[in-house]
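Trainee: I need the structure of the sequence given here:
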Amino acid sequence: MFSLWSEFLRGLHQPEYVHVLLNPLPIYGLAMALLTLVLALVFRSRGAQGIALALAVVTAAAAWPVAYYGSAGYDRVYSMSDASAQQWLNWHAYLADRIVWAHYVAAALAAVTLAGLWRFPRWHRPALILTVVATLTAVSLGGFLAFVGGKIRHAEFRHDSPPAWAHTAPDGD
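Mentor: Predicted coordinates:
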């Protein structure tokens, strides 16, 4: 038992492991927040809206450490991957640099909407709807990013090739 615990703790020093450990939060967590937010809107429950918004803030903001640790683990995963996996990794990194911003927007909108939920009742419904749209966008883009990322270490999921330009490392812009 102690050996497994020490192995787990050792894994926390590897950024690629932390990336894999955290990456469900902005995908599944934000999807659950979105479902909760839609139900809270339908049932017009301010308490449920507050919980859903808080969940959306936390899970959308979790995209930052996921992106950070993914970037930090890029070189190690690249070096242990075959040529096809390297192309998928390059595409995943390229997309991640762009998609992460949708999560930041969703987190910011959810935070602002949560802050004004009881304070600005006239604006809370349009703000909630805007937050739902931003959250849906982030979940959709994050799901696609995870789809691409899953092909890096799982050859059995590779039925097509990544884009032709993905043979080079992302430029980081």
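Trainee: Run through the residues that contact the residue nearest to the spatial centre of the chain.
Mentor: For the chain, the residue nearest the mean C-alpha position is Pro26 (3.4 Å; C-alpha atoms, centre = their mean). Taking C-beta atoms under 8 Å, 6 or more residues apart in numbering as the contact definition, Pro26 lies against Thr59, Ala60, Ala62, Ala63, Val66, His103, Ala138, Gly142. Glycine gets a C-beta too; all of them are placed from N, C-alpha and C.
Trainee: Now do the same contact list for the last one.
Mentor: Listed by C-beta under 8 Å, 6+ apart, the contact set of Gly142 reads Pro26, Ile27, Leu30, Ala63, Ile99, Ala102, His103.
Trainee: And Thr113, how far from Gly47?
Mentor: For Thr113, the distance to Gly47 equals 14 Å [C-beta to C-beta, to the nearest Å].
Trainee: From the neighbour counts alone, determine which of these two ranks first.
Mentor: Set Thr113 next to Gly47 and count neighbours by other C-beta atoms under 10 Å: Thr113 wins out with 28 against 9.
Trainee: from the chain's centre, how far out does the host helix or strand of that one sit?
Mentor: Assigned by DSSP states H and E, Thr113 belongs to helix 83-115. The chain centroid and the centroid of helix 83-115 are separated by 6 Å, computed with C-alpha atoms, centre = their mean, to the nearest Å.
Trainee: Give the other helices and strands that that helix contacts.
Mentor: helix 30-42, helix 46-61, helix 63-72, helix 74-79, helix 121-153 (3 or more C-beta pairs under 8 Å, 6 or more residues apart in numbering; DSSP states H and E).
Trainee: Quick one: find the helix or strand in this structure with the lowest mean pLDDT.
Mentor: Ranked by mean pLDDT, DSSP states H and E, the helix or strand of the chain with the weakest confidence is helix 2-11, at a mean of 79.
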